[in-house]
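Asker: What shape does this take:
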Amino acid sequence: MREPGTFLPVVVIPVYNHPGTIGAMVAAVRGHGLPCILVDDGSEPGCAAVLDALAAAGGGVSLMRLPVNQGKGGAMMAGLREAQRRGHTHALQIDADGQHDPRDIPKFLATARARVTELVCGTPVYDASIPKGRLYGRYLTHVWVWINTLSFEIRDSMCGFRVYPLDATVAVLDSATLGRRMDFDTEVLVRLYWRGVRFANVPTRVTYPLDGISHFKALRDNVLISRMHARLFFGMLVRLPLLLWRKVVR
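Answerer: Numbers count the residues shown, from 1 in each chain. Predicted coordinates for the structure are as follows:
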């Protein structure tokens, strides 16, 4: 049994065909002295070879390989479970494509260490590289998240730069069927909020993406995200008395 307040973080990076950027991201993570789990989400041979080389070099980098592509959510669920199995208390998620600034990792971890039961979420500060359609589309998700939590506590549910408290997060993974693609990032936060997890929001610079590769499929992922919001809305209605009571007592 771990002592209360124990803080043993690891970085989990889901990777699907980002051979040009993952090496720099791993180097930046290792520069902060953190162990790192790479989750190969069914990448093509070229990227798989890069990941093999990174893991073979050691230095605290290990590799999980999913035999077929599961989607970002599927890769993260596998990585989070593995992180908990290895005894870590917290997992820092950061994307492989270089859009997140690894210089902010110490800020995220300091917040997580000070608030060990909370989930630390990145609040993006965008530059001009973000596609306007993606930027405006995010606001619709923000509104639905605020409706489905009856709260503004989650400022941005789509930023993939965050620190999970693993025990609470894996409990959610064990108790619900979550979306396995781009819908995962939002759904897991809403379900954690429903379970009483608090959130800390950390501003962070976001650039779209360094290698020009995005795996967001507009039609497929927007349909999945719309279905997720509908499921969560009905889940919110079931939990409405509890959520209203929480607003009173907090």
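Asker: Which strand or helix spans residue 177?
Answerer: Residue 177 is part of no helix or strand when elements are defined by DSSP states H and E.
Asker: and the gap between it and residue 71?
Answerer: 14 Å (Cβ to Cβ, to the nearest Å). C-beta: built from backbone N, CA, C; applies to glycine.
Asker: Looking at these two now, which is surrounded by more residues?
Answerer: Set residue 177 next to residue 71 and count neighbours by other Cβ atoms under 10 Å: residue 71 wins out with 23 against 8.
Asker: wouldn't the more buried one be in contact with residue 182 here?
Answerer: Yes - with contacts counted by Cβ atoms under 8 Å, residue 71 reaches residue 182, the gap being 7.4 Å.
Asker: Relative to the host helix or strand of residue 163, what are the paired strands and their orientations?
Answerer: Secondary structure from DSSP H and E places residue 163 in strand 162-165. Strand 162-165 sits in its sheet next to strand 90-93 (antiparallel), strand 119-126 (antiparallel), going by DSSP bridges.
Asker: Residues contacting the longest one, please?
Answerer: Counting by Cβ atoms under 8 Å, 6 or more residues apart in numbering, strand 119-126 makes contact with 100, 104, 108, 111-112, 135, 154-157, 159-165, 168-169, 189, 192, 197-206, 208, all of which sit outside it.
Asker: Distance check, residue 228 against residue 47.
Answerer: The separation that residue 228 has from residue 47, given Cβ to Cβ, amounts to 28 Å.
Asker: err, residue 151, not the other one
Answerer: 39 Å.
Asker: The two: who's more crowded?
Answerer: Using other Cβ under 10 Å, the more surrounded residue of residue 151 and residue 47 is residue 47, with 20 against 15.
Asker: Am I right that the more buried one falls within a helix?
Answerer: Yes - assigned with DSSP: H, G, I helix; E, B strand; the rest coil, residue 47 falls within a helix.
Asker: Show me where this structure dips below the pLDDT cut-off.
Answerer: Within the chain, the stretches with pLDDT under 70 are 1-2, 4, 129, 131-136, 209-222.
Asker: Can you tell me the centre-most residue of it?
Answerer: Nearest to the mean C-alpha position of the chain, counting by Cα atoms, centre = their mean, stands residue 160 at 4.2 Å.
Asker: Just to check, that residue is in contact with residue 100?
Answerer: Yes - counting by Cβ under 8 Å, residue 160 does reach residue 100; the two are 7.1 Å apart.
Asker: Pull out the buried residues from the longest helix belonging to the chain.
Answerer: Counting by DSSP state H, the longest helix found in the chain is helix 218-238. By 16 or more other Cβ atoms under 10 Å, the buried positions in helix 218-238 come out as 221, 224, 225, 228, 229, 231, 232, 235, 236.
Asker: tell me what it is packed against?
Answerer: Where contact means 3 or more Cβ pairs under 8 Å, 6 or more residues apart in numbering; DSSP states H and E, helix 218-238 is packed against helix 132-149, helix 184-194.
Asker: go with 6 Å
Answerer: Applying 3 or more Cβ pairs under 6 Å, 6 or more residues apart in numbering; DSSP states H and E, one finds that helix 218-238 makes contact with helix 132-149.
Asker: In three-state terms, label residue 179 for me.
Answerer: coil.
Asker: give the contact list for it.
Answerer: Neighbour list for residue 179: 73, 187, 224, 228 [criterion: Cβ atoms under 6 Å, 6 or more residues apart in numbering].
Asker: Can you lay out those as JSON lines showing distance to residue 118?
Answerer: Converted to JSON lines, the contacts of residue 179 look like this (distance: Cβ to Cβ, whole Å):
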{"residue": "73", "distance to residue 118": "21"}
{"residue": "187", "distance to residue 118": "18"}
{"residue": "224", "distance to residue 118": "27"}
{"residue": "228", "distance to residue 118": "23"}
